[in-house]
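> Model the structure of this input:
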Amino acid sequence: MTSPDLSIIIVSWNVRELLRACLHSIDRQRYGLALEVIVVDGASSDDSPAMVRETFPWVKLIACNENIGFPRGNNIGLAEANGRYLLLLNPDTEIKQNALPVMIDYLANHADVGLVGPQLLNSDGTIQSSRRRFPTLATALFESTWLEPFAPRRILRHYYAQDLPDDEISEVDWVTGACMLTRREIFNTIGGLDEAYFMYSEELDWCHRIKDAGWRIVYDPSAQVLHHVGKSSEQAVTARHINFQRAKLRYFRKFHGGTAVAVLRTVLLFNYIGQLIVEGLKGIVGHKRPLRWQRVQAYWQVIRTGLRPAGY
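Numbering: from 1, shown residues only. Prediction:
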């Protein structure tokens with residue numbers, strides 16, 4: 001049996017209508033390409049598996065009995081995939097125009113490139129920030145914390161690759177995980193995603209390992225994908241905070257060592273303590289009290305975890 005040109009792996013959890021739109025966008029492009037589409041469902045309660053079976057019989061569905069997380073779900077799909085090229089795709093995306101053949105052609109014509117990411121677009125069609133340089137400890141101390149407004153502009157500008165034109169092909173350190181195309185050789189060589197992350201930073205880790213193995217990572221804006229940001233993670237706000245920060249700490253533990261993690265963990269914990277105090281005071285004086293108490297509870301749960309690196 002001839003292997004497909006491309007295997008697309010989609011890990012989905014309770015985003016049935018977004019998944020439907022995603023699969024329709026793939027359906028419009030699958031003629032002319034030998035495609036294999038694998039949906040790994042993490043025990044959705046919104047009838048997503050039934051929708052896939054009924055509406056998209058050409059999709060291979062793997063219905064899990066628990067929410068297994070993004071890295072593990074992708075690894076399950078990767079293990080089942082037969083394509084020469086492998087695409088990890090979020091369910092809250094829609095492939096535009098000829099994005100799939102454009103990305104495949106780029107890899108086919110650039111033997112030293114291990115992974116390519118498209119230009120991601122927000123729901124309103126504006127360009128979404130999706131390419132990055134590897135974070136430094138300074139980046140991590142500021143990015144996605146209360147300290148971010150006080151960060152020296154050059155630190156975050158460098159991290160978000162804002163010096164690179166949005167409309168030009170660029171070599172970067174990593175791309176965000178909504179849509180990443182790689183070669184089977186990469187998976188065979190370095191393996192899949194690190195499952196200890198559960199969600200967040202797994203694509204950063206994967207790209208780091210790909211680059212360490214001698215491959216380049218490229219952003220190609222001639223391929224465009226619509227990305228409705230964060231619809232799965234919005235369903236579990238407290239878990240999102242915990243997973244995001246513990247994933248950040250795991251990455252720094254793996255690639256920067258224990259001292260960097262100790263500094264970062266201390267700053268993050270004090271950051272959440274500060275947020276808890278401010279939200280509590282606002283609740284006491286009666287400003288949007290239900291919202292303030294909700295945030296206090298969320299931040300307290302984060303603090304109680306101790307924010308130890310995921311998997312350690």
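
> Break down the stretch 151-300 of the chain into its strands, ranges please.
Applying DSSP state E, counting those that start in this stretch to the stretch 151-300 of the chain gives strands spanning 170-172, 174-175, 179-183, 216-227.

> Between the ones you listed, which one is closest to residue 2.
For residue 2, the closest of these is strand 179-183, at 17.5 Å, according to C-beta to C-beta. For glycine as for every other residue, the C-beta is placed from the backbone atoms N, C-alpha and C.

> Let me know which of the strands of the stretch 151-300 of the chain is the nearest to residue 242.
Residue 242 lies closest to strand 174-175 among these, at 22.3 Å (C-beta to C-beta).

> what about the closest one, distance to the chain center?
Relative to its chain's centre, strand 174-175 lies at 10 Å (C-alpha atoms, centre = their mean, to the nearest Å).

> List the neighbouring strands of it plus their orientation.
Partner strands for strand 174-175, per DSSP bridges, with pairing direction: strand 131-132 (antiparallel).

> Where does the prediction get shaky in the stretch 1-150 of the chain?
Filtered on pLDDT under 70, the stretch 1-150 of the chain yields the residue ranges 1.

> returning to what we had before: adding distance to residue 39, mean neighbour count and mean pLDDT, write the strands of the stretch 151-300 of the chain out as JSON lines.
Converted to JSON lines, those look like this (distance: least, C-beta to C-beta, whole Å; neighbours: other C-beta atoms under 10 Å; pLDDT from 0 to 100):
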{"stretch": "strand 170-172", "distance to residue 39": "28", "mean neighbour count": "16", "mean pLDDT": "98"}
{"stretch": "strand 174-175", "distance to residue 39": "22", "mean neighbour count": "26", "mean pLDDT": "98"}
{"stretch": "strand 179-183", "distance to residue 39": "15", "mean neighbour count": "25", "mean pLDDT": "98"}
{"stretch": "strand 216-227", "distance to residue 39": "17", "mean neighbour count": "21", "mean pLDDT": "98"}
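
> now these as TSV including distance to residue 292?
Below are the strands of the stretch 151-300 of the chain laid out as TSV (distance: least, C-beta to C-beta, whole Å):
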stretch	distance to residue 292
strand 170-172	39
strand 174-175	36
strand 179-183	37
strand 216-227	31
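
> what's the closest of the ones you listed to residue 25?
Of all those, strand 216-227 sits nearest to residue 25, with 7.9 Å by C-beta to C-beta.

> Would you mind writing the CA trace of that closest one as CSV?
Written as CSV, here are the backbone C-alpha positions of strand 216-227 (Å, rounded to 0.1, in the frame of the first residue of the first chain):
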residue,chain,number,x,y,z
ARG,A,216,16.3,24.4,10.7
ILE,A,217,12.8,25.8,11.7
VAL,A,218,11.1,28.1,9.2
TYR,A,219,8.1,30.4,9.2
ASP,A,220,6.4,30.5,5.8
PRO,A,221,3.7,33.3,5.4
SER,A,222,2.7,32.1,1.9
ALA,A,223,0.8,29.4,3.7
GLN,A,224,-2.0,30.8,5.9
VAL,A,225,-4.1,29.2,8.6
LEU,A,226,-7.0,30.7,10.6
HIS,A,227,-6.6,30.1,14.3
